[in-house]
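In: Make a model of this:
(chains A and B)
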Amino acid sequence: MLLGRVIGQVVPCIVTPGLEGVPMLLVQPLDKTLKPKGKAIVAADSTRMAGLGELVSYEGGREAAMALDPSFVPVDHAIIAIVDGVNITA
Amino acid sequence: MILGRVIGEIHGTIKHPFYESRRLLVIEKIDQYCKPTGDYLIAADSVGAGADERVLVLDEGNGARQVLDSKDGPVRSVVVGIVDDVMCD
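Out: As a prediction, the model looks like this:
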């Protein structure tokens, strides 16, 4: 998983069956110091609760789709958790 | 599997049910000489690793789900070992 910041929302008018009602959010990937790194991605929100500006943790690859129900959907990034805090101690 | 060093943890109230009561560690990837590569990842813990410890991270979904005893958990990276020493010529 990696850290990201929600920077926007994507509103599709037609989606593949199984993805109806799943929020699609624009996520800017972050490095470990929470600085933006790379290009923004679109991620399905498995928590259904992430909002603009929030720090989230997202999974990529096949595991992303497994966070959703039904899990056999064409999704390559999914928000797994809304991050309250990042504790870098070492 | 990859080598890493635990540099911290993340916590959050709202998360996928699979991650309830699981520790999520921030892992800095390191090379064979234990130098940071600059990359990082967040992995679920299965061994009780703590900050500044060098660890072995399994970064593959099917193996990770097997380790965490789950059939359909959305997990790809899991800490599977604590490394005492790395010997490399």
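In: drop to CA atoms for contacts and neighbour counts, all remaining ones
Out: OK.
In: what helix or strand is the closest residue to B:Ile10 other than its chain neighbours on?
Out: Spatially, and ignoring its direct neighbours in sequence, B:Ile10 is nearest to A:Val86 (4.4 Å; C-alpha to C-alpha, 6 or more residues apart in numbering or on different chains). A:Val86 belongs to strand A:85-88 when elements are defined using DSSP states H and E.
In: elements contacting that strand?
Out: Counting contacts by 3 or more C-alpha pairs under 8 Å, 6 or more residues apart in numbering or on different chains; DSSP states H and E, strand A:85-88 packs against strand B:2-11.
In: partners of B:Ile30 in the sheet?
Out: Beta-bridge partners of B:Ile30, counted by DSSP bridges, are B:Pro36.
In: Verify the stated contact: it with B:Leu3.
Out: Yes. B:Ile30 lies in contact with B:Leu3 (C-alpha atoms under 8 Å); the separation is 5.7 Å.
In: contacting residues for the closest residue to B:Gly4 other than its chain neighbours?
Out: Counting by C-alpha to C-alpha, 6+ apart, B:Gly4 lies nearest to B:Lys29, which is 4.3 Å off, once chain neighbours are set aside. Taking C-alpha atoms under 8 Å, 6 or more residues apart in numbering or on different chains, we find B:Lys29 in contact with B:2-5, B:36-41.
In: What residues does chain B have near chain A?
Out: Contact residues, chain B versus chain A (C-alpha under 8 Å from any C-alpha of the partner chain): B:6-16, B:26, B:39-43, B:51-52, B:61, B:72-77.
In: Recalculate using a threshold of 7 Å.
Out: Within chain B, the positions near chain A by C-alpha under 7 Å from any C-alpha of the partner chain are B:7-12, B:14-16, B:40-43, B:51-52, B:61, B:72-76.
In: Buried ones in the helix or strand containing B:Ile42, by neighbour count?
Out: Assigned by DSSP H and E, B:Ile42 belongs to strand B:36-45. Under the neighbour-count criterion of 16 or more other C-alpha atoms under 10 Å in any protein chain shown, strand B:36-45 has B:40-45 buried.
In: re the thing from before, of the contacts of B:Lys29, which is the nearest to chain A?
Out: Set against chain A, the nearest of the contacts of B:Lys29 by C-alpha to the nearest C-alpha is B:Leu41 (5.6 Å).
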